[in-house]
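# got a structure for you, letters missing:
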């Protein structure tokens, strides 16, 4: 069993903010299945999140009913994702990934550029052919990397074929990457006293399969 999932929550109206971290174990067979279904692809368009983030902050500052409702829906989404993984319900997990992306787009607002037309076309094509259960863009959106969850029995080669056959998508611009759950995750290191005070190191621990 690996403790791959962390759920972070904070106390309401408490300053300074107190963050509570819950660790959830995932059986090895679940990790294997998620690894088989995960797709990471670069859509061919670099993303510039600065303007999108500014729009998100303006939206939040307005405290409109729509924005407050969107933020409220983001909170149970994290809990529901953990429950779906624990139940091995990958279809539900894909649905929650879709819902998360819908909420992110709502936070940025209309005409924000959070979902470029090229990306939307790719997502729509893969869903129409029932290749993926759900999808989102990494980070704030605006282009960059697409994260997708394959339907049962589907594979990356089938996803590539759908894009190759589409008249509306330039498949040559899409770059596909191997993607899997990392059992150890990101670690930070404190520089020694003799080191440059501005020095820092981050290390992404690879799985054994990546090292071989």
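It's in. Here the structure is a predicted model, which means the values were calculated and not measured. Numbers count the residues shown, from 1 in each chain.

# give the contact list for the residue sitting nearest the centre point of the chain.
Per C-alpha atoms, centre = their mean, the C-alpha nearest to the average position across the chain is that of residue 138, at 4.9 Å. With contacts defined as C-beta atoms under 8 Å, 6 or more residues apart in numbering, residue 138 is in contact with 144, 145, 146, 147. In this view, the C-beta of every residue, glycine as well, is placed from N, C-alpha and C.

# so which of the residues you listed sit within strands?
Secondary structure defined by DSSP state E assigns 145, 146, 147 of the contacts of residue 138 to strands.

# need those in CSV (columns: pLDDT, distance to residue 108 and neighbour count).
Formatted as CSV, these follow (pLDDT from 0 to 100; distance: C-beta to C-beta, whole Å; neighbours: other C-beta atoms under 10 Å):
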residue, pLDDT, distance to residue 108, neighbour count
145, 91, 17, 16
146, 94, 17, 22
147, 95, 17, 16
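
# residue 50: which of those residues is nearest?
residue 145 (17.0 Å; C-beta to C-beta).

# these two touch, right, the closest one and residue 40?
Yes: counting by C-beta atoms under 8 Å, residue 145 touches residue 40, with 6.0 Å between them.

# centre of the chain to stretch 136-147, how far?
Centre-to-centre, stretch 136-147 and its host chain are 7 Å apart (C-alpha atoms, centre = their mean, to the nearest Å).

# first-to-last residue distance for it?
End-to-end span of stretch 136-147 (C-alpha to C-alpha, to the nearest Å): 5 Å.

# neighbours of residue 68, how many?
Neighbour count for residue 68, taken as other C-beta atoms under 10 Å: 12.

# the one 3 residues further on now?
Residue 71 has 14 neighbours, counted by other C-beta under 10 Å.

# and the spatially closest residue to residue 33 that is not a sequence neighbour, how close does it get to residue 146?
Excluding the flanking residues, the one nearest residue 33 by C-beta to C-beta, 6 or more residues apart in numbering is residue 90, at 6.8 Å. Distance, residue 90 to residue 146, using C-beta to C-beta, to the nearest Å: 18 Å.
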